[in-house]
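Asks: Have a look at this prediction, sequence included:
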Amino acid sequence: MNAVELPPGLLVSAPASGTGKTTVALGLLRAFRDDGLAVQPFKSGPDYIDPAFHEAAAGRRSFNLDSWAMHESLFATIAGEASGADIVVAEGSMGLFDGVAGRGAFGFGSSAETARRAGWPVLLVVDVGGQAQSSAATALGFRTYDPELLFAGVVLNRVASPRHERLARLGMDRVGIPVLGVLPRRGDLQLPERHLGLIQAVEHPDLERAISDYAAFLREHVNLDAIREIASSTGTSLPAPGVLPNPPAQRIALARDAAFSFAYPHLLEGWRRAGAEILPFSPLADSAPDASADLVWLPGGYPELHAGRLAAASRFMDGLRRHAATRPVHGECGGYMVLGEALVDKDGNRHRMAGLLGLVTSYEQRKFHLGYRRAILVAGMPGFEAGCALRGHEFHYSTILEQPDAPLAEVFDADGKNVPETGSACDHVTGTFFHLIAGEA
């Protein structure tokens with residue numbers, strides 16, 4: 001099989017989270033699209049929310065690239081989704097070099113690794129609030145930390161005044177770092193957030209206007225021509241690709257609404273291309289899964305925000321229970337909680353869930369769970385037999401109060417330490433707190 005030839009592109013990153021890289025990425029995606037370019041978005045790392053914003057901005061589906069969870073052939077296959085695009089705009093996660101402490105089988109999981117593998121230079125968004133020339137020392141450290149990493153330059157964000165800009169530019173000029181944009185401080189360009197990051201794209205009250213505003217803002221304050229020229233000098237080839245993950249069944253009833261939306265795009269695309277039929281339904285609309293489905297799949301999302309509506313959704317719950325009597329049902333994170341006996345919301349109200357598993361979870365007793373997960377299945381789940389090794393990611397604030405069912409897997413964090421959230425298996429029903437990214441094979 002031929003190698004994957006990647007189009008030119010760049011990766012938007014930052015020294016840390018919360019510096020404005022999503023605003024810059026969305027603005028670039030829309031501005032280049034408005035200029036008539038076919039723009040391919042990507043997200044580096046395990047993020048369930050940003051790709052939907054990317055797709056809205058670029059008009060092209062965004063995919064996650066993950067150097068910790070994806071073996072090289074899958075990474076290359078997903079990167080190959082850029083085929084036919086004129087330019088790639090990828091968005092990093094956290095800080096540029098942030099990843100796991102110890103290298104996994106495939107990598108550390110940092111945005112820098114994604115950029116290096118794909119040959120894309122890094123556009124570093126630097127928040128200069130509270131500093132001026134000192135920001136150059138930060139940028140210089142990022143440029144020199146990894147000599148193999150291509151570095152495009154910086155966009156200065158949250159600049160307070162013309163004098164502030166002049167001083168920050170002096171510092172960058174001194175160390176020879178190109179300033180490709182200067183963004184004045186503007187509070188109205190913040191995307192709304194909640195406890196897992198941004199609100200979902202489908203929940204934004206006026207997403208199209210927001211993205212158009214980002215593009216106009218960048219067009220006014222960023223040198224788009226220079227960024228495009230830097231990107232156009234790049235591009236690389238990756239080793240021969242494999243295939244996207246195979247579907248776990250032929251006809252898959254997929255919960256899809258504001259409570260169930262955290263499914264990785266590469267998984268759904270792999271299912272479709274392999275010929276599986278995806279049958280979306282909305283539990284929040286009290287829709288039952290298609291009675292002809294071979295499998296019901298409940299992704300993660302925000303069931304805790306809709307627990308009362310879900311508990312009262314009798315057609316959904318009855319249809320789910322009927323299906324589970326004879327055929328498999330699987331839930332991830334929020335979907336796993338809905339398969340359980342009960343969910344306690346942040347106010348301490350207990351809501352009865354499907355009761356297909358004995359799991360009881362609570363948001364009243366909040367506990368932060370975040371990180372990569374490696375799971376060795378001790379029981380089979382849809383698409384994978386017992387003994388298979390899976391890679392995924394966990395991100396939630398719930399606490400397990402009861403978990404009486406048999407464990408689904410032995411689960412480890414990125415450092416190889418056991419994680420107590422083992423998932424559950426009972427009859428035809430399985431569930432995990434981690435979101436599946438890929439199998440290891």
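Replies: Everything's here; your move. Numbers count the residues shown, from 1 in each chain.
Asks: Quick check: the residue lying farthest from the centre of the chain vs R185, distance?
Replies: Here the chain reaches farthest from its C-alpha mean at R163, the gap being 37.7 Å by Cα atoms, centre = their mean. Remark: distance between R163 and R185 (Cβ to Cβ, to the nearest Å) = 13 Å. To be clear about C-beta, it is placed using only N, CA and C from the backbone, and glycine gets the same treatment.
Asks: Kindly report the domain assignment for this structure.
Replies: Per automatic domain parsing, the domain ranges recorded for the chain read 4-238, 251-439.
Asks: Tell me how far the longest one lies from the chain's centre.
Replies: Put simply, domain 4-238 sits 14 Å off its chain's centre (Cα atoms, centre = their mean, to the nearest Å).
Asks: Quote the end-to-end distance of that domain.
Replies: Terminal residues of domain 4-238 are spaced 5 Å apart (Cα to Cα, to the nearest Å).
Asks: For it, the averaged confidence score.
Replies: On average, the pLDDT along domain 4-238 is 91.
Asks: cool, stretch 271-280 as well?
Replies: 97.
Asks: what residues does that stretch touch?
Replies: For stretch 271-280, contacts defined as Cβ atoms under 8 Å, 6 or more residues apart in numbering pick out 244-256, 268, 289-290, 293.
Asks: And that stretch, what's buried?
Replies: W271, A276, E277, I278, L279 (16 or more other Cβ atoms under 10 Å).
Asks: could I get it in PDB with only the CA atoms?
Replies: Taking Å, rounded to 0.1, in the frame of the first residue of the first chain, the C-alpha atoms of stretch 271-280 are listed here in PDB:
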ATOM      1  CA  TRP A 271     -17.900   1.800  10.900                       C
ATOM      2  CA  ARG A 272     -19.600   3.500   8.000                       C
ATOM      3  CA  ARG A 273     -16.900   2.700   5.500                       C
ATOM      4  CA  ALA A 274     -16.900  -0.900   6.500                       C
ATOM      5  CA  GLY A 275     -20.600  -1.000   5.600                       C
ATOM      6  CA  ALA A 276     -22.200  -0.800   9.000                       C
ATOM      7  CA  GLU A 277     -25.600   1.100   9.200                       C
ATOM      8  CA  ILE A 278     -25.600   3.700  12.000                       C
ATOM      9  CA  LEU A 279     -29.100   4.300  13.200                       C
ATOM     10  CA  PRO A 280     -29.100   7.500  15.400                       C
END
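Asks: And for G80, the neighbour number?
Replies: Burial of G80 is recorded as 16 neighbouring residues (other Cβ atoms under 10 Å).
Asks: What are the neighbouring residues in contact with the nearest residue to it once chain neighbours are set aside?
Replies: Nearest residue to G80 in three dimensions, chain neighbours excluded: V4, at 4.2 Å (Cβ to Cβ, 6 or more residues apart in numbering). V4 makes contact with A76, T77, A79, G80, S83, S237, L238, P239, A240, P241 under the criterion Cβ under 8 Å, 6+ apart.
Asks: Restricted to strands, list those residues.
Replies: S237, L238 (DSSP state E).
Asks: Return the closest of the contacts of V4 with respect to P382.
Replies: Nearest to P382 out of the contacts of V4 is T77 (Cβ to Cβ; 21.4 Å).
Asks: coming back round to it: which element is the residue farthest from the centre of the chain on?
Replies: In this assignment (DSSP states H and E), R163 forms part of helix 162-174.
Asks: Just the CA trace of the helix or strand immediately after that helix in the chain, in CSV.
Replies: Sequence-wise, the next helix or strand downstream of helix 162-174 (DSSP H and E) is strand 179-184. Coordinates of each C-alpha in strand 179-184 appear next as CSV, following Å, rounded to 0.1, in the frame of the first residue of the first chain:
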residue,chain,number,x,y,z
VAL,A,179,5.3,37.7,15.0
LEU,A,180,2.6,36.6,12.7
GLY,A,181,-0.3,38.2,14.5
VAL,A,182,-1.3,40.5,17.4
LEU,A,183,-4.7,40.0,18.9
PRO,A,184,-6.1,42.9,21.1
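Asks: Strand 179-184 packs against which elements?
Replies: Applying 3 or more Cβ pairs under 8 Å, 6 or more residues apart in numbering; DSSP states H and E, we find strand 179-184 packed against strand 151-159, helix 162-174, helix 207-221, helix 224-232.
Asks: so which of these comes closest to L359?
Replies: Nearest of the helices and strands packed on strand 179-184 (Cβ to Cβ): helix 207-221, 34.0 Å.
Asks: Which parts of this protein are helices?
Replies: 21-34, 50-58, 72-79, 111-118, 134-145, 162-174, 207-221, 224-232, 265-273, 307-311, 314-324, 334-339 (DSSP state H).
Asks: related to what we said a few turns ago, now the buried residues of stretch 271-280 as CSV including distance to G95?
Replies: CSV is the format used below for the buried residues of stretch 271-280 (distance: Cβ to Cβ, whole Å):
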residue, distance to G95
W271, 33
A276, 37
E277, 41
I278, 35
L279, 40
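Asks: quick one: which of those residues is nearest to E72?
Replies: W271 (21.9 Å).
Asks: Let me see the contact set for the closest residue to F316 other than its chain neighbours.
Replies: Leaving aside its sequence neighbours, F316 sits nearest to P283 (Cβ to Cβ, 6+ apart; 4.4 Å). The contact partners of P283, taken as Cβ under 8 Å, 6+ apart, are A255, D257, A259, F260, L298, L310, A313, F316, V338.
Asks: Of the residues you listed, which is the most crowded?
Replies: Top of the contacts of P283 by neighbour count (other Cβ under 10 Å): V338, with 34 neighbours.
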